[in-house]
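K.L.:
just coords:
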Ligand SMILES: O=P(O)(O)O[C@H]1O[C@H](CO)[C@@H](O)[C@H]1O
Ligand SMILES: O=c1cc[nH]c(=O)[nH]1
């Protein structure tokens, strides 16, 4: 192992592309590897499954972080240290407001309801994506003919206290979601705001495209087969956007 290897991802600068995809579910890395050419599995330690391959000529690294902002930021931070310049989060979200199950939701910003991002930049700093990469994502989902929506996300740490009602949170989840929906927020996840802020702090570009897989108001889930098919479309769209994007100066 080279001394230049990342601490947890256990791979080196030569192993990664300038573009990366961040996913939660490690199974999505294996799905992604099957969609790329010449994919090489680099790491499985701690479940931070990572592979690098090619899509439309672009060398792309795909890493899984599991769940939550702290570990998503660790993975982004290590990949940025290895030389990755562009990140796309490809995951799933809960619907808020008018968003419907099965839609592909592009983040135009995210409410910072998690604690990790404040360790990078003060809470006044807005969690906004790289706009060129975001536009590439929107074009990719439109060209693929997918049902799409763009808007503001909200990202939280507490799945069973802030996102799914168990009676243990400080505020009823329905009230939180009602307040956010009335403010025009379109989706809730656990990582997007931290990914945007950590990327800004580290001087790299980031954007987020997620499949609306769970209804925030009823907790209805997409049927499994539909979700698997949609996750394949999600990966294709994210890869196409990275392959089409040009390096962004001065993020
Ligand atoms: O589908 P992924 O990318 O795992 O993301 C979502 O799924 C997990 C919660 O169900 C959280 O990590 C959330 O952000
Ligand atoms: O239940 C879900 C589904 C997607 N994303 C989340 O954060 N929660």
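P.N.:
That came through, no problem. No experiment lies behind these values; they were computed from the predicted model shown. Residues are numbered from 1 along each chain as shown. Ligands and ions are numbered 1, 2, ... in the order given.
K.L.:
please count neighbours and contacts with C-alpha atoms only from this point.
P.N.:
Will do.
K.L.:
near ligand 2, which residues of this structure?
P.N.:
When proximity is defined by Cα under 6 Å from any ligand atom, the chain lies next to ligand 2 at 92, 93, 94, 188, 189, 190, 213, 214.
K.L.:
among those, which are in reach of ligand 1?
P.N.:
By Cα under 6 Å from any ligand atom, the members of these lying near ligand 1 are 92, 93, 189, 190.
K.L.:
tell me which of those fall in helices.
P.N.:
Using DSSP state H, no member of those falls within helices.
K.L.:
confirm for me that residue 243 is in contact with residue 56.
P.N.:
Yes. Here residue 243 reaches residue 56: they are 6.2 Å apart, a contact under Cα atoms under 8 Å.
K.L.:
what residues does stretch 147-159 touch?
P.N.:
Applying Cα atoms under 8 Å, 6 or more residues apart in numbering, the contact partners of stretch 147-159 are 68-69, 99, 102-115, 141-142, 162-163, 184-194.
K.L.:
repeat the analysis, applying 7 Å as the threshold.
P.N.:
Contact with stretch 147-159 is made by 68-69, 103-114, 141, 162, 185-193, as judged by Cα atoms under 7 Å, 6 or more residues apart in numbering.
K.L.:
where's residue 173 relative to ligand 2, distance?
P.N.:
Using Cα to the nearest ligand atom, to the nearest Å, we find residue 173 at a distance of 13 Å from ligand 2.
K.L.:
circling back to that earlier point, the more surrounded of residue 243 and residue 56?
P.N.:
Using other Cα atoms under 10 Å, the more surrounded residue of residue 243 and residue 56 is residue 243, with 18 against 13.
K.L.:
filter the ones next to ligand 1 among the residues of the chain next to ligand 2 down to the ones in strands?
P.N.:
Using DSSP state E, the subset of these located in strands is 92, 93, 189.
K.L.:
I'd say the last one and residue 95 touch.
P.N.:
Looking back up the chat, that one is residue 189. No. Residue 189 is beyond contact range of residue 95, at 9.3 Å (criterion: Cα atoms under 7 Å).
K.L.:
between these two, which is the more surrounded one?
P.N.:
residue 95 (30 against 25).
K.L.:
for the strand or helix carrying residue 208, give the mean pLDDT please.
P.N.:
Per DSSP states H and E: residue 208 is located in strand 205-215. When pLDDT is averaged over strand 205-215, the result is 98.
K.L.:
how about stretch 164-176: buried residues?
P.N.:
Using 16 or more other Cα atoms under 10 Å as the test for burial, stretch 164-176 gives 164, 172, 173, 174.
K.L.:
now stretch 12-31
P.N.:
12-13, 15-26, 28-30.
K.L.:
quote the end-to-end distance of that stretch.
P.N.:
End-to-end distance for stretch 12-31: 23 Å, by Cα to Cα, to the nearest Å.
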